[in-house]
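S.K.: Just to be clear, the model below is a prediction. Sequence and coordinates:
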Amino acid sequence: GSTGSMNVTLSGTSISTLGANALGILAQNLGNDGGTAASATGTDVQGGNGGNGGSTGTVTISTDANTAISTQGQGSSGILAQTASGAGANGGNGNGQLSGVDGSGGNAGSAGAGPVTHAGAITTAGTDAVGIMAQSLAGAGGAGSVDYGIFYSKGGTGGAAGSSGVISVTNTGTIGTSGT
């Protein structure tokens, strides 16, 4: 399925984490993958079409000048904003004795935008502990299937890939990172 939008707004907030992968703010909006298509076997058959992947809404994060985020540990980023749409499912096989037609792959969903506006202070300490990471990741289209038929056979078409949303990061605060 598809998701709605997500909004995280911090004002005068202090966040402190300690340990591996202990993020300061994690806002993720994830679409589901499309449903699996059925395959068919018989005399004159057609495989099912793959389901479409879910789209995602926007993930918005904003902090004011009085917000402080401090993390310590490997992979412990200050802010991670991510939208990731679902992939389309593969089409089902159509293996018929006389004819077979395959199902087509489902289309991927579209990934939402990810605006991040930061005005406070972020400090991270640890390997791969970035200050701000923002991503919009679109799913892949599903593959069309192969088929078999003595007199007629037709393979399915692949589904279209999704589109990514616009990512923007505006920083008027401070960001300090240490580690390798």
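M.R.: Sure, I can see it. Numbers count the residues shown, from 1 in each chain.
S.K.: Tell me which residues touch residue 152, please.
M.R.: With contact set as Cβ atoms under 8 Å, 6 or more residues apart in numbering, residue 152 has these partners: 98-101. C-betas here are computed from N, CA, C, even on glycine.
S.K.: Please check those residues and keep the buried ones.
M.R.: Among the contacts of residue 152, those buried by neighbour count (16 or more other Cβ atoms under 10 Å) are 99-101.
S.K.: Please flag which of those sit within strands.
M.R.: Using DSSP state E, the subset of those located in strands is 99-101.
S.K.: tell me which of the residues you listed is nearest to residue 8?
M.R.: Nearest to residue 8 among these: residue 101, at 47.5 Å, using Cβ to Cβ.
S.K.: Let me see the contact set for that closest one.
M.R.: Residue 101 touches 45-47, 94, 147, 149, 152-154, 156, counting by Cβ under 8 Å, 6+ apart.
S.K.: the helices in the protein, which residues?
M.R.: Remark: helices of the chain are absent; assignment by DSSP state H.
S.K.: show me where pLDDT drops low in it?
M.R.: Along the chain, the parts satisfying pLDDT under 70 run over 180.
S.K.: Repeat the analysis, applying 80 as the threshold.
M.R.: Residue ranges of the chain with pLDDT under 80: 1, 96, 99-100, 146-150, 152-155, 180.
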